[in-house]
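Chemist: I'll drop the sequence and a predicted model, then ask my questions.
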Amino acid sequence: MIKVEFFGLYRLSYKMKEWTTDASTVEEVIEKLAAEYPVYSVKELKNSVIMVNGTNFLKLRKFKTELKDGDTVFVMSPASGG
Amino acid sequence: MVDKLLECIADKRIAIIGAGGLGGNIISFTARLNPKEILICDGDVFCPGNMNRQLFCSDLTMGLSKAECARDVVQHYTTAKLTVVKERLTRANSFILKEFDVIIDATDNIETRFLLQDIGEEYNIPVIHGAINGLFGQMAVIRPKSKLLSRLNDSGQTPPPGPTLSYVPAHIATLEVSEMVKVLAGVSTLNDDEIIIVDLLTNDTRILRI
């Protein structure tokens, strides 16, 4: 199982801090999340800051980053207000 | 330590971009530190929607310049020279920031934040970044050439800000001013690739490496 941790607006919108799912890539996590909780679309979720086991996924293979059982995907919406 | 920090900023020139939710608090905190100069830049005027969180917004200041209202209050408790720019910061007027020691981001949109990152890089000035959304906020130091904001907002898109509460911008403003003082004193421990994120609903505060 993959642990998906939310921060920022997502935590408020989904009304939960964590969610677990089966997925083999970050892209699959995003697609399953949007399907199960259609608060945000796949397109919107793809604008998130995403970390895989504490590493920015931009330094990995972005949405193609492969996941294995026990991995943690952190999903955050960057703040923009002032 | 407190005396040393105050001494370090006494000769510094600080530019604060935005005089709204974040900016009102940042201007107030910074003014009481008595730096050499504070520039307050904001082209906006107060409207009723600002009343819930913007320090200098009241029924007395409705429709008035945010930058001028901030100056009119803090001039009574600071020794800093106060410079007001009643214009939105753009590429065309960004030269006004050239001689400043630090720029504080108190803006409310991603476009101006990217402009601040570019200006900081061009003039070799650190930018103290802060932003809020709902009960969540973030703070980081965008040092020249770090491109931290570009890594944080890879797509250039952010969700529209949701409603917030008065203490959220005040909390992030505190973090921004605190880090500004440490940057100016040369004792900041926040690295080029780090961002502090805060969720005030759950008191969850972390440092992420972006």
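Modeler: Great, that's in hand.

Chemist: Could you measure from the spatially closest residue to residue B:79 that is not a sequence neighbour over to residue B:116?
Modeler: Of all residues not flanking residue B:79 in the chain, residue B:34 sits nearest, at 4.7 Å (Cβ to Cβ, 6 or more residues apart in numbering or on different chains). Bear in mind the C-beta positions are built from the backbone N, C-alpha and C, glycine included. According to Cβ to Cβ, to the nearest Å, residue B:34 and residue B:116 sit 24 Å apart.

Chemist: Neighbour count: those two, which is higher?
Modeler: residue B:116 (25 against 14; other Cβ atoms under 10 Å in any protein chain shown).

Chemist: which parts of chain A sit against chain B?
Modeler: A:7-9, A:11-12, A:17, A:44, A:46-47, A:49, A:51, A:54-56, A:58, A:74, A:76-82 (Cβ under 8 Å from any Cβ of the partner chain).

Chemist: Now with 10 Å, please.
Modeler: Within chain A, the positions near chain B by Cβ under 10 Å from any Cβ of the partner chain are A:6-13, A:17, A:40, A:43-44, A:46-51, A:54-59, A:62, A:74, A:76-82.

Chemist: Separate out the buried members of these.
Modeler: A:6-13, A:40, A:46-51, A:56-58, A:74, A:76-82 (16 or more other Cβ atoms under 10 Å in any protein chain shown).

Chemist: Contacts only, for the residue nearest to residue B:79.
Modeler: B:6, B:9, B:10, B:77, B:78, B:79, B:80 (Cβ atoms under 10 Å, 6 or more residues apart in numbering or on different chains).

Chemist: Where do the helices of chain B begin and end?
Modeler: Remark: helices assigned in chain B by DSSP state H are B:2-9, B:21-31, B:66-74, B:110-123, B:148-152, B:167-185.

Chemist: Please apply the same query to chain A.
Modeler: With DSSP H, the ranges of helices along chain A come out as A:9-14, A:26-36, A:42-45.

Chemist: Ok, which of those helices comes nearest residue B:165?
Modeler: Shortest distance between residue B:165 and the helices of chain A, using Cβ to Cβ, is found for helix A:9-14: 12.4 Å.

Chemist: re earlier: reformat the helices of chain B as TSV; add distance to chain A and mean pLDDT.
Modeler: Output for the helices of chain B, formatted as TSV (distance: least, Cβ to the nearest Cβ, whole Å; pLDDT from 0 to 100):
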stretch	distance to chain A	mean pLDDT
helix B:2-9	23	94
helix B:21-31	4	98
helix B:66-74	11	98
helix B:110-123	5	96
helix B:148-152	5	89
helix B:167-185	7	98
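
Chemist: which one of these has the most crowded surroundings?
Modeler: Most buried of those, by mean neighbour count (mean count of other Cβ atoms under 10 Å in any protein chain shown): helix B:21-31, with a mean of 27.

Chemist: So what's the gap between that helix and the chain middle?
Modeler: 8 Å (Cα atoms, centre = their mean, to the nearest Å).

Chemist: Alpha carbons of it, as CSV, please.
Modeler: Provided in CSV are the C-alpha atoms of helix B:21-31 (Å, rounded to 0.1, in the frame of the first residue of the first chain):
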residue,chain,number,x,y,z
GLY,B,21,-2.8,40.7,5.1
LEU,B,22,0.9,39.7,5.3
GLY,B,23,2.2,43.1,4.5
GLY,B,24,0.3,45.0,7.3
ASN,B,25,1.8,42.8,10.0
ILE,B,26,5.3,42.7,8.3
ILE,B,27,5.4,46.5,8.1
SER,B,28,4.3,46.9,11.8
PHE,B,29,6.9,44.3,13.1
THR,B,30,9.7,45.7,10.9
ALA,B,31,9.0,49.3,11.8
